[in-house]
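> 3D model of this:
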Amino acid sequence: MRYLTFALTKGRLAKKTLDVFERAGITCEEMKDPASRKLIFVNEEHKLRFFLAKGPDVPTYVEYGAADMGVVGKDTILEEGRSMYEVLDLGFGKCRMCVCGPESARELLRHQELIRVATKYPNIAKDYFYNKRHQTVEIIKLNGSIELAPIVGLSEVIVDIVETGSTLKENGLQVLEEIVSLSARMVVNQVSMKMENQRIGELLRNLKEVLAE
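Below is the predicted model:
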């Protein structure tokens, strides 16, 4: 029997994913060792392999079949636009993708004016403004603190992930429009889904039962 390989998003998502797996009877003890320098972790009993990757890389590993399955945020799935199946909402890592800015920007949105939008998620922003709002905007990609952009006059609004909204409030910004709800999702390689349908199906059924508890 071949190994099924999982790509997990580093950090909180990986930790929560492993908690859910444990409740479903799948453990990977060696991943719990903080001193470990290993890159690939194995569960021999279930013939599973796990590795950790940065969020945006997980869909790439899954699309190309280097991983059969992956766990990644819905924001990354939308932004990367890779060919793969999204099979399960794991229900944790919940947040929202929103258009945010100062109250004064609400009018600019209402009148569909040509504005600048700063974001780490140019594809999500483009899809929202061009295809859903039918508004022409200039999108500026940033990597750091997006909240800074409207404060220093780089952009009128931002498109960013909002969890509690406290950072926005502290900086005089607010949610102006919600684009989409986000959470951690499980994704599967398209070929793996055909070749390993039985094993993947069984695994998903076990996880669904655990999530429903």
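> Run through the neighbouring helices and strands of the longest helix seen in the chain.
Longest among the helix segments of the chain by residue count, using DSSP state H, is helix 197-212. For helix 197-212, the packing partners by 3 or more C-beta pairs under 8 Å, 6 or more residues apart in numbering; DSSP states H and E come out as strand 4-9, helix 12-23, strand 85-89, strand 184-188. Glycine gets a C-beta too; all of them are placed from N, C-alpha and C.
> how near is Phe50 to Ser36?
Counting by C-beta to C-beta, to the nearest Å, the gap from Phe50 to Ser36 is 12 Å.
> which residue is nearest the middle of the protein?
By C-alpha atoms, centre = their mean, the chain has its centre lying nearest to Gly73, at 1.7 Å.
> other SSEs contacting the helix or strand hosting Arg106?
If you go by DSSP states H and E, Arg106 is part of helix 105-110. Using 3+ C-beta pairs under 8 Å, 6+ apart, the elements in contact with helix 105-110 are strand 115-119, strand 157-162, strand 174-182.
> repeat that with 7 Å
Applying 3 or more C-beta pairs under 7 Å, 6 or more residues apart in numbering; DSSP states H and E, we find helix 105-110 packed against strand 174-182.
> List the buried residues for the strand it packs on?
Buried residues in strand 174-182, counted by 16 or more other C-beta atoms under 10 Å: Gln174, Leu176, Ile179, Leu182.
> Would you mind listing the outside residues contacting the worst-scoring helix or strand of the chain on mean pLDDT?
Ranked by mean pLDDT, DSSP states H and E, the weakest helix or strand in the chain is strand 40-43, scoring a mean of 89. Contacts with strand 40-43, where a contact means C-beta atoms under 7 Å, 6 or more residues apart in numbering, come from Ile26, Thr27, Cys28, Glu30, Met31, Arg49, Phe50, Phe51.
> circling back to that earlier point, who has more neighbours, Phe50 and Ser36?
Phe50 (25 against 10; other C-beta atoms under 10 Å).
> Secondary structure element for the more buried one, which one?
Assigned by DSSP H and E, Phe50 falls in strand 48-53.
> So which elements touch that strand?
Counting by 3+ C-beta pairs under 7 Å, 6+ apart, strand 48-53 packs on strand 4-9, strand 40-43.
> Show me the domain layout of this protein.
Taking automatic domain parsing as the domain assignment, the ranges for the chain are 4-93+183-212, 95-180.
> If I average pLDDT within each of those, which one is lowest?
Among the domains of the chain, domain 4-93+183-212 has the lowest mean pLDDT, at a mean of 93.
> what bridges to Leu48?
Beta-bridge partners of Leu48, counted by DSSP bridges, are Leu4, Asn43.
> The residue lying farthest from the centre of the chain: what's it in contact with?
Relative to the centre of the chain, and counting by C-alpha atoms, centre = their mean, the farthest-placed residue is His111 at 31.2 Å. For His111, no contacting residues are found, by C-beta under 7 Å, 6+ apart.
> Next, give phi and psi for it.
Main-chain dihedrals, His111, degrees, to the nearest 10: phi -90, psi 10.
> Equivalent analysis for Ile140, please.
Taking degrees, to the nearest 10 as the convention, Ile140 sits at phi -110, psi 120.
> before we move on, what about the one 3 residues further on?
Dihedral angles of Asn143 (phi, psi; degrees, to the nearest 10) stand at phi -110, psi -20.
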